[in-house]
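A.B. asks: Next come a sequence and a model predicted from it.
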Amino acid sequence: MGHPQSPQILLNFYHCTIESILTNCISVWYGSCSVADRKSLQRVVKTAQRITGSSLDTIAAVQSKRCLRRARSIVKDSSHPSHRLPANTAELKVQQASHGQTEESLIQDVATRWNSTLEMIKCIQHNKEPLKATLVQQKHNLATLTSAEYDRLANLETLLEPCRYVTELLGGDKYVSCSVVLPALCHLLRTTEISDVDPAYIVRFKAAFKGDLNTRKENTNLSWLKLATALDPRFKDLRCLPKAEREEVWQKLSQMLKDRDTESQPCSDEMEPEPPKKKVALLLLGSESESDEDANFNDKTLDRYRAEPSVSIDTCPLQWWSAHTGAHGRLAQIAEKNFWHYLNSAM
């Protein structure tokens, strides 16, 4: 018997030989493949996975990567009309003007810049016709995108658009963002729900995206984020949380109100001397009713806040609390002290 090959050698052989043959010119022919053809190709990949003992990209995933790679190569190529050299940029702008579009250069994605891949895809999609017309007039070895690849870019654009909205929402430095985290995550998870009409590569993308998002969510300070969300008048209905978790948040806020009352009481050094022991029993008679009154007062404070009408998503929570301090004095102090005090200087 021969010696077993190392997993890395088997992977290198697969990528350099089998995958290279299977995906040769995949951008051209994959879009017209039948479902049966795609399943046959995928069976080869599954067999290779069992042999190598490693997870391998599906044929559809490889095609998606090639599609983005070609889009990037169009933007990067110095001989391409989208490149930022003056002559080529001028040629593209002439075609843009002839098609009644605004003159612009194409955008290149950068790994360290948020939403740059989405902006690159949107720009290429928008300049589809001017790009084709300019390519016809130039001599180069760079192929344009096929119709199937444009369709795939359109699907990717739809998937990435909610991410752009959330990053812009959380990236502001002059408004409250901590209370938006959980509603934003809920929005992303809802928009990436898998549907029956999703193609296989979209299903895999959504599954991987949701898995990564849930992992990141678990690594945050969820308890603190829940309280911040409850104290934001835009999201105090807590619809971003499961119903079973909502009441627990209000109980924690109630406890914070009680703790604040305890902190505001005078310290022992300032208190009057302890009364005679004979009078202790008389004092204890009223202790239970007084504590009940305090608890009821705390509950009423929260009930009054929860009964406030819903506000627009464009409402600034800091300004809202400033305008409602008289009605929710103690709760407003907790909101400012624990969540948004550090943002006052930015307002």
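C.D. replies: The structure has been received and is ready for your questions.

A.B. asks: For Leu238, grab the count of nearby residues.
C.D. replies: 19 (other C-beta atoms under 10 Å). All C-beta spots, glycine's among them, are computed from the backbone N, C-alpha and C.

A.B. asks: do Arg69 as well
C.D. replies: 11.

A.B. asks: repeat for Cys240
C.D. replies: If you count neighbours by other C-beta under 10 Å, Cys240 ends up with 20.

A.B. asks: so it touches Thr229, yeah?
C.D. replies: Yes. Using C-beta atoms under 8 Å, Cys240 is in contact with Thr229, at 6.6 Å.

A.B. asks: what sits in contact with each of the two?
C.D. replies: Shared contacts of Cys240 and Thr229, defined by C-beta atoms under 8 Å, 6 or more residues apart in numbering, are found at Leu182, Pro183.

A.B. asks: Pop the domain breakdown of the protein in here.
C.D. replies: By the assignment in automatic domain parsing, the chain contains the domains 7-56, 75-171, 172-263+297-347.

A.B. asks: Export those domains as CSV, with columns for mean pLDDT.
C.D. replies: Below are the domains of the chain laid out as CSV (pLDDT from 0 to 100):
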stretch, mean pLDDT
domain 7-56, 77
domain 75-171, 77
domain 172-263+297-347, 82
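
A.B. asks: closest one to Arg69 among the ones you listed?
C.D. replies: domain 7-56 (9.2 Å; C-beta to C-beta).

A.B. asks: residue contacts, Ile334?
C.D. replies: Taking C-beta under 8 Å, 6+ apart as the criterion, Ile334 is in contact with Leu231, Leu253, Met256, Leu257, Arg260.

A.B. asks: If you count neighbours, what's buried in the strand or helix carrying Trp321?
C.D. replies: According to DSSP states H and E, Trp321 maps onto helix 317-323. By neighbour count with 16 or more other C-beta atoms under 10 Å, helix 317-323 contains the buried residues Pro317, Leu318, Trp320, Trp321.

A.B. asks: Give me the distance between the helix or strand where Trp224 lies and the centre of its chain.
C.D. replies: Secondary-structure assignment from DSSP H and E places Trp224 in helix 222-230. In terms of C-alpha atoms, centre = their mean, to the nearest Å, the gap separating the centre of helix 222-230 from the centre of its chain is 17 Å.

A.B. asks: Quick one: name whatever helix or strand follows that helix.
C.D. replies: helix 243-264.

A.B. asks: Tell me the helices and strands packed up against that following helix.
C.D. replies: Judged by 3 or more C-beta pairs under 8 Å, 6 or more residues apart in numbering; DSSP states H and E, helix 243-264 is in contact with helix 222-230, helix 280-306, helix 329-335.
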